[in-house]
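**Student:** Sequence plus predicted model, see below.
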Amino acid sequence: MRTLYQFPLSHFCEKARWLLDHKELDYVAHNLMPGVHRAFAQLKTGQNKLPILRDMEHWIADSTQIALYLDDQYPEHTLLRADPELRQQALEINLLSVELGRHVRRWALSHVLAGSDEPLDILIGEKGYLRQFEKYSKPLMKALVSKGYQLGSDKVVESQKIMQDLITELNERLIQQGGRYLVGDRLGLADIAVCSMLAPILEIAGTPWEKEHEESASDEFKAYKAFLIALPLGQYVLRIYQTERHARVDWRGV
């Protein structure tokens, strides 16, 4: 059985889940504890980030490398087109999405951690030692995440500007393409990458970022969400999630 080592809240892990689901491959999503995951990742892959896919004896780190591996090993439902120009376009957009994802993560986390314990509840899981001692584990987890992702005000402001520039560029690319898909005439790596990176802002139903209580979001977060929804890019992400996101595994993992 394939195993995807993940954080449930990570949009890079959502991208990896979607890649596997698009390929219609069976797998288990296995959660690792933030911070502690570094030793495991380093031991298995020589780097310290998630997601990591284990496919029999193969260990593949990084969502983009997972996409390339899956297309190589499982050619049905291809993520990249055979046409060199379309392939290059998709890889370029994927690179933009990686940069976008870093800044969405910092900006979104700075807002959601300030307004609600819901993300911390997901991080510590529904059972186990972290849940048993949540009085202590929640503040510790919040401190680890804040330090690890540099959630200080200056960094957050910088990330918002870069995020805005990348969203503007991707919105223009989508319009030039005709608005249905970012590359070609069907779902591929570019679409999965961009939609996954923007899902935390749009708080899409059925994802880790779905909100039970709208009032928990800050006014600034609500305003930016409304701004994104008003763009063709925001409407595209909502449509792709509704029509193309056929999840086969619960994002909560085990």
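**Tutor:** Sure, I can see it. Residues are numbered from 1 along each chain as shown.
**Student:** Tell me how many other residues crowd residue 57.
**Tutor:** 5 (other CB atoms under 10 Å). C-betas here are computed from N, CA, C, even on glycine.
**Student:** Repeat that for residue 220.
**Tutor:** The burial count for residue 220: 12, using other CB under 10 Å.
**Student:** give me the element it is part of.
**Tutor:** Assigning secondary structure by DSSP states H and E places residue 220 in helix 219-230.
**Student:** what does that helix contact?
**Tutor:** 108, 111-112, 115, 167, 198, 201-203, 214, 217, 234-235, 238 (CB atoms under 8 Å, 6 or more residues apart in numbering).
**Student:** mind exporting that helix as CSV, just the C-alpha atoms?
**Tutor:** Extracted in CSV, the C-alpha atoms of helix 219-230 (Å, rounded to 0.1, in the frame of the first residue of the first chain):
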residue,chain,number,x,y,z
ASP,A,219,-12.1,41.4,8.7
GLU,A,220,-8.9,41.5,6.7
PHE,A,221,-9.1,37.8,5.9
LYS,A,222,-12.8,38.1,4.9
ALA,A,223,-12.1,41.1,2.7
TYR,A,224,-9.3,39.3,0.8
LYS,A,225,-11.4,36.2,0.4
ALA,A,226,-14.1,38.3,-1.2
PHE,A,227,-11.6,40.0,-3.4
LEU,A,228,-10.3,36.6,-4.7
ILE,A,229,-13.8,35.3,-5.2
ALA,A,230,-14.6,38.3,-7.4
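**Student:** how far is it from where the chain is centred?
**Tutor:** 19 Å (CA atoms, centre = their mean, to the nearest Å).
**Student:** so after it, what's the next helix or strand?
**Tutor:** Past helix 219-230, the next helix or strand by DSSP H and E is helix 232-244.
**Student:** Just give me how far that following helix sits from the chain centre.
**Tutor:** Distance, centroid of helix 232-244 to centroid of chain: 15 Å (CA atoms, centre = their mean).
**Student:** That helix packs against which elements?
**Tutor:** Using 3 or more CB pairs under 8 Å, 6 or more residues apart in numbering; DSSP states H and E, the elements in contact with helix 232-244 are helix 153-177, helix 189-202, helix 219-230.
**Student:** what about the ones you listed, which gets the closest to residue 65?
**Tutor:** For residue 65, the closest of those is helix 189-202, at 11.8 Å, according to CB to CB.
**Student:** returning to that earlier point: export the contacts of helix 219-230 as CSV, with columns for distance to residue 189.
**Tutor:** As requested, the contacts of helix 219-230 are exported to CSV (distance: CB to CB, whole Å):
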residue, distance to residue 189
108, 22
111, 28
112, 27
115, 33
167, 19
198, 15
201, 21
202, 20
203, 24
214, 32
217, 30
234, 20
235, 21
238, 20
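**Student:** Neighbours of residue 86, how many?
**Tutor:** Neighbour tally, residue 86, other CB under 10 Å: 16.
**Student:** Thank you, goodbye.
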